[in-house]
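[1] Next one to model:
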Amino acid sequence: MRIGIIGLTLKGTSDLVTPGGIKGLTFEDEARSINALVPTLKAKGADAIVVLIHQGGAQDKPDDPSGCSGFTGEIRPILDALDPRVDLVVSGHTHKSYVCNYGDLNPAHPVLLTSAGVYGEEVTDITLTIDPAAHKVVGKKAVNVIVQSGSYTGALGPVNPTTIYPEFAPRADVAGYVQTYVDASKNFAQKPAGHLAGPASGKVLGQLIADSQLAASRNAGAQIAFMNPFGVRTGLVPGEGGTVRFGDLYAVQPFGNTLVTQTMTGAEIKAVLEQGFDSNGPNQALAPSSGFTYRYDLSRPLGDRVFDLMLDGRPLDMAASYRVTTNNFLAQGGDSFTLLAKQRDAVAGGVDLDAMQAWLEAVPLRPVPSEDRAVEVKH
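    A predicted model of the protein is given here:
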């Protein structure tokens with residue numbers, strides 16, 4: 001049997017990665033790109049065609065990892081435009097779990113669609129049945145298998161197996177291979193990197209990171225710092241006595257980004273924050289550093305959702321200039337914050353991890369931010 005595989009990213013890649021890394025590249029319509037390759041694969045004798053794509057959707061019953069209830073998402077118009085000779089689409093991007101017989105939603109495109117969630121929590125077991133005489137797929141099915149071995153301690157604390165799903169013993173050769181790198185990095189990863197008064201995750205951790213970046217860039221004149229929520233990859237849970245290890249910090253910010261401080265007017269800062277709630281991708285409330293607060297209301301018109309911007313207890317002056325720090329990913333327009341790429345008087349700083357470590361080491365026990373600096377107004 002011959003399997004043709006098409007792999008591609010998504011059309012919106014330019015909004016999701018560091019712009020400097022894709023200079024000169026363009027990202028075209030996903031369905032047209034796939035369809036252009038199908039005849040070539042068929043001509044080479046492909047009995048089945050599989051697409052691996054970094055785009056996805058979501059169902060409304062997340063507790064059923066192999067379900068497809070109320071399925072929505074940006075993958076749907078792509079599937080609706082696919083060459084019907086595509087048999088299977090393995091998707092991602094949304095971090096959601098689902099298995100969809102898409103023919104139930106659109107009979108003209110009976111493709112099997114899968115996604116295995118996030119962080120290796122699942123593996124999709126996919127079976128394609130192929131008729132060797134007719135050279136075509138005559139059956140397809142898939143199920144998301146929950147991956148769990150024994151108890152362990154994760155970033156948010158102890159994790160125990162559930163009896164709902166089976167446990168799998170680690171494969172000895174793979175476990176040994178992984179252990180080689182665990183051992184090699186252990187001394188450095190276990191190195192103390194400061195102390196934190198309690199666990200932090202989500203927007204609270206984003207604010208803590210913004211505080212560290214503001215402190216690290218004061219010598220560049222920084223008055224405000226912002227952290228993007230998708231750049232915070234896990235929670236931060238201190239150990240005994242509030243001790244935080246370097247490996248904990250690395251798990252939170254594994255990208256090796258550097259800091260950039262630039263000059264922006266109050267109006268430009270507001271416009272950047274508005275980009276977090278525009279129609280380009282998911283909503284993202286940038287986490288601000290201490291002293292800066294704002295509110296936002298998603299029921300208001302686009303471009304006017306952010307209001308009550310305050311710095312050190314006073315309204316932000318729309319005409320005044322301020323020094324603003326972000327990581328270099330944001331400063332190049334990453335995560336669709338394109339207005340940050342219009343840099344003025346930019347000063348490059350150190351690595352984000354170094355800033356966080358210095359912030360946690362600067363006091364005996366760093367408090368966790370308790371205030372909500374970016375407040376959503378709900379009706």
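
[2] Pretty sure residue 3 sits against residue 51.
    No - look at residue 3 against residue 51 with Cβ atoms under 8 Å: they stay out of range, at 11.5 Å. The C-beta positions use only the backbone N, C-alpha and C, and glycine is treated the same way.

[3] Please say which of the two ends up with more neighbours.
    residue 51 (26 against 15; other Cβ atoms under 10 Å).

[4] Residues in contact with whichever strand or helix holds that one: which ones?
    Using DSSP states H and E, residue 51 sits within strand 48-53. For strand 48-53, the external contacting residues (Cβ atoms under 8 Å, 6 or more residues apart in numbering) are 1-10, 30, 34, 38, 41-42, 75, 78, 82, 85-92, 128, 130, 136-137.

[5] Which parts of the chain belong to which domain?
    The chain breaks down by automatic domain parsing into domains covering 3-146, 152-189, 192-376.

[6] among those, where is the model least confident on average?
    The minimum mean pLDDT among those belongs to domain 152-189 (a mean of 87).

[7] how long is it end to end?
    One end of domain 152-189 to the other measures 17 Å (Cα to Cα, to the nearest Å).

[8] Equivalent analysis for stretch 87-102, please.
    OK, stretch 87-102 end separation, Cα to Cα: 10 Å.

[9] what do you get for stretch 57-70?
    Taking Cα to Cα, the first and last residues of stretch 57-70 lie 10 Å apart.

[10] Okay, buried residues for it please.
    The neighbour-count check on stretch 57-70 (16 or more other Cβ atoms under 10 Å) flags 57, 58, 59, 65, 66, 67, 68 as buried.

[11] what would those look like in a markdown table with secondary structure and distance to residue 347?
    Converted to a markdown table, the buried residues of stretch 57-70 look like this (DSSP: H, G, I helix; E, B strand; the rest coil; distance: Cβ to Cβ, whole Å):
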| residue | secondary structure | distance to residue 347 |
| --- | --- | --- |
| 57 | strand | 41 |
| 58 | strand | 40 |
| 59 | coil | 46 |
| 65 | coil | 47 |
| 66 | coil | 51 |
| 67 | coil | 50 |
| 68 | coil | 50 |
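
[12] Dump stretch 218-228 to PDB, keeping only the CA atoms.
    Extracted as PDB, the C-alpha positions of stretch 218-228 are listed here (Å, rounded to 0.1, in the frame of the first residue of the first chain):
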ATOM      1  CA  ARG A 218      14.800  50.100  34.000                       C
ATOM      2  CA  ASN A 219      18.200  51.100  32.800                       C
ATOM      3  CA  ALA A 220      16.700  51.400  29.300                       C
ATOM      4  CA  GLY A 221      14.100  53.800  30.700                       C
ATOM      5  CA  ALA A 222      11.300  51.300  30.900                       C
ATOM      6  CA  GLN A 223       8.100  52.400  32.600                       C
ATOM      7  CA  ILE A 224       5.700  49.600  31.500                       C
ATOM      8  CA  ALA A 225       6.200  46.000  30.500                       C
ATOM      9  CA  PHE A 226       3.800  43.600  28.800                       C
ATOM     10  CA  MET A 227       3.800  39.800  28.600                       C
ATOM     11  CA  ASN A 228       1.800  37.800  26.000                       C
END
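
[13] And that stretch, how far out from the chain middle?
    Here stretch 218-228 is found 23 Å from its chain centre; the criterion is Cα atoms, centre = their mean, to the nearest Å.

[14] Other residues contacting that stretch?
    206-207, 209-211, 213-214, 217, 261, 269, 272, 284, 286-289, 291-292, 311, 322-327, 329-330, 334-335, 337, 347, 349.

[15] Of the residues you listed, which belong to strands?
    Mapping the contacts of stretch 218-228 onto strands (DSSP state E) picks out 261, 287-288, 292, 311, 322-327, 347, 349.

[16] how about JSON lines for the residues you listed, with distance to residue 366 and neighbour count added?
    Formatted as JSON lines, those follow (distance: Cβ to Cβ, whole Å; neighbours: other Cβ atoms under 10 Å):
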{"residue": "261", "distance to residue 366": "22", "neighbour count": "27"}
{"residue": "287", "distance to residue 366": "16", "neighbour count": "26"}
{"residue": "288", "distance to residue 366": "18", "neighbour count": "27"}
{"residue": "292", "distance to residue 366": "19", "neighbour count": "25"}
{"residue": "311", "distance to residue 366": "22", "neighbour count": "20"}
{"residue": "322", "distance to residue 366": "25", "neighbour count": "19"}
{"residue": "323", "distance to residue 366": "23", "neighbour count": "19"}
{"residue": "324", "distance to residue 366": "23", "neighbour count": "28"}
{"residue": "325", "distance to residue 366": "19", "neighbour count": "29"}
{"residue": "326", "distance to residue 366": "21", "neighbour count": "29"}
{"residue": "327", "distance to residue 366": "20", "neighbour count": "27"}
{"residue": "347", "distance to residue 366": "25", "neighbour count": "17"}
{"residue": "349", "distance to residue 366": "20", "neighbour count": "21"}
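
[17] Specify the beta-bridge partners of residue 48.
    residue 3 (DSSP bridges).

[18] In space, not sequence, find me the middle residue of this protein.
    Centroid-nearest residue in the chain: residue 230, 4.6 Å away (criterion: Cα atoms, centre = their mean).

[19] how about that one, what does it touch?
    284, 335.

[20] so it sits in a helix?
    Yes - under DSSP: H, G, I helix; E, B strand; the rest coil, residue 230 sits within a helix.

[21] Comparing the domains of the chain, which comes out most buried?
    domain 192-376 (a mean of 18; mean count of other Cβ atoms under 10 Å).

[22] Show the end-to-end separation of that domain, please.
    36 Å.

[23] Over to stretch 271-282?
    Terminal residues of stretch 271-282 are spaced 17 Å apart (Cα to Cα).

[24] Check stretch 86-103 too.
    One end of stretch 86-103 sits 12 Å from the other (Cα to Cα).

[25] before we move on, what about stretch 303-317?
    Using Cα to Cα, one end of stretch 303-317 lies 18 Å from the other.
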